[in-house]
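Q: I'd like to go over a predicted model; first the sequence, then the structure.
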Amino acid sequence: MTTSNIVDEWRLARAALIQRHVDKIGNYVTMKLTDAFGRLSADDREQLEPLLGEWLLSDDFADRFDAIAIVRNNDVASIIPTLRELQDRLEESTEIGAPYEWAKVNSALGRLVSAANAVSDLTTESES
C-alpha cells in the first residue's frame, strides 16, 4: 500500500470512528486506533509515522491525545524527537491543561526511551 493511501485511509477511518461513536466513552476512538495500529505491518506503521507526528504537533488536543496514546502503547520510538518538540511547546504553553499534557508526554517519552535503550542493550550484548 502506498504511503498516501494508508495515510488517507487512517484520516478517514479516524473521522468515521469519531462521528460514529460520538456518544461513547471519551477514549473509545483512541483505544480503537491504538489497537488497530498495533495490528499493522511494520511497513504500514512506518508509513503512518508522519501522520502521527502531524497529530502530535496539532493545535487540536484530540489529535494530540490520540497520537500520544498510539505511540506510547505501541512503542513507536522513532517519534521521540517529535514528542520532545511537543514537550517543549507544552512547557511554554499557557493553556490550562498544558501541565497535565506535558506530564503525559513526559511519561510516554520515559517509556519509549527506556524501551529503546533496552533494545540497544540487547543488540550490544548479542554483538559481544
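A: Happy to help now that I have it.
Q: Below-threshold pLDDT in this protein: ranges please.
A: 1-3, 22-26, 119-128 (pLDDT under 70).
Q: What segments of it are helices?
A: Applying DSSP state H to the chain gives helices spanning 3-20, 28-39, 42-56, 61-73, 80-92, 98-127.
Q: what's the fifth one in contact with?
A: The reference is to helix 80-92. For helix 80-92, contacts defined as CB atoms under 8 Å, 6 or more residues apart in numbering pick out 52-53, 56-57, 64, 68, 71, 98-99, 101-102, 105-106, 108-109, 112-113, 116. (Glycine included, C-beta is placed from N, CA and C.)
Q: Can you get me a residue count around the nearest residue to L40 once chain neighbours are set aside?
A: With CB to CB, 6 or more residues apart in numbering as the criterion, L40 has its nearest non-adjacent residue at 7.3 Å, and that residue is L48. L48 is flanked by 20 other residues according to other CB atoms under 10 Å.
Q: out of the contacts of helix 80-92, which are buried?
A: Taking 16 or more other CB atoms under 10 Å as the criterion, what is buried in these is 52-53, 56, 64, 68, 71, 101-102, 105, 108-109, 112.
Q: Including distance to T30, could the residues you listed go into JSON lines?
A: Putting the buried ones among the contacts of helix 80-92 into JSON lines (distance: CB to CB, whole Å) gives the following:
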{"residue": "L52", "distance to T30": "13"}
{"residue": "G53", "distance to T30": "17"}
{"residue": "L56", "distance to T30": "14"}
{"residue": "R64", "distance to T30": "11"}
{"residue": "I68", "distance to T30": "9"}
{"residue": "V71", "distance to T30": "12"}
{"residue": "E101", "distance to T30": "14"}
{"residue": "W102", "distance to T30": "19"}
{"residue": "V105", "distance to T30": "15"}
{"residue": "A108", "distance to T30": "13"}
{"residue": "L109", "distance to T30": "18"}
{"residue": "L112", "distance to T30": "17"}
